[in-house]
Every structure is written in structure tokens, then in C-alpha cells.
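**Student:** A structural model of the following input is requested.
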Amino acid sequence: MTRVTVWHDGACPLCQREIALMRRLDRRGAIDFIDASDPAGSCPIDRRTMLARFHAREDGQLLSGAAAFAAMWRAIPLLRPLGIAARSPLVLAGLERAYLLFLRIRPRLQSIMRDRVSA
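**Tutor:** Numbering: from 1, shown residues only. Below is the predicted model of the structure:
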């Protein structure tokens, strides 16, 4: 079983929900989740860079964006088919475009989520 390390933004309400779901789906415990927003957490590159995009390590290779999501999905049996499909350059390019669009609206979504939590 390949272990995957995932760095996430533990201060982001969207990320918190997504990682909580991934932890529930990771029944085999194949993923090590690291909160990159925690100063005590280890980051292989600059922390701001880690927090700006999603990162994962699979088979010793540091991945970011859609490729990092695909690595995480491959470690979860239920999502593995999607992760394997993302090995196709065409599929990965489409996922990366969608991820870049998400990054543009992420600050607004975070604000909405924070408002809901505080209400």
C-alpha cells in the first residue's frame, strides 16, 4: 500500500470540511494529513506556498493542485478510479483548470463559510 502525505490549510473552513470527509473515507489509514497552517507542522517547502495550493507527496514526489488531489484519491478505494483517470494528461489538465477556477473564488467561499460558522 502506497502512503500519501497531504498538506492542508487547517485554518480554512472549506479545507476542514473536505479533510474531515477524506479522513472518514481513508479507512485503511493510507494518508498522513498535515495541517500546513500549524507553525509546528512540517512543510517540505515554504509554508505560504503550501497554503496557496493543495499539496501531497506520493511515491516520494511532491505534487500540487489537481495532481495532489488525484494522489489523495488514489489512496482511497472509493475514489481510486477518479485518481487513476487523472493519470491521463487530458483529464488532469481539465481537473487543473477547474482547480484554478476554484482558487479564484476560494477567498469568497471561505468568507461565506466563516460567516455561517459565526452566525
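**Student:** Could you tell me how many residues sit around residue 92?
**Tutor:** When counting by other Cβ atoms under 10 Å, one arrives at 17 neighbours for residue 92. (C-beta placed from N, C-alpha, C; glycine too.)
**Student:** Surely it forms part of a strand?
**Tutor:** No. Residue 92: not assigned to a strand; according to DSSP: H, G, I helix; E, B strand; the rest coil it is helix.
**Student:** Give me the nearest residue to it, chain neighbours excluded.
**Tutor:** Closest residue to residue 92 apart from its sequence neighbours, by Cβ to Cβ, 6 or more residues apart in numbering: residue 86 at 5.0 Å.
**Student:** got the contact list for that neighbour?
**Tutor:** 66, 67, 69, 70, 73, 92, 95 (Cβ atoms under 8 Å, 6 or more residues apart in numbering).
**Student:** quick one: pLDDT of it?
**Tutor:** pLDDT for residue 86: 98.
**Student:** Residue ranges in the chain under the pLDDT threshold?
**Tutor:** Applying pLDDT under 70 to the chain flags residues 1, 117-119.
**Student:** hmm, try it at 80
**Tutor:** Scanning the chain for pLDDT under 80 picks out 1-2, 110, 113-119.
**Student:** Can you pull up the most central residue in it?
**Tutor:** Geometric centre of the chain, nearest residue: residue 54, 4.5 Å, by Cα atoms, centre = their mean.
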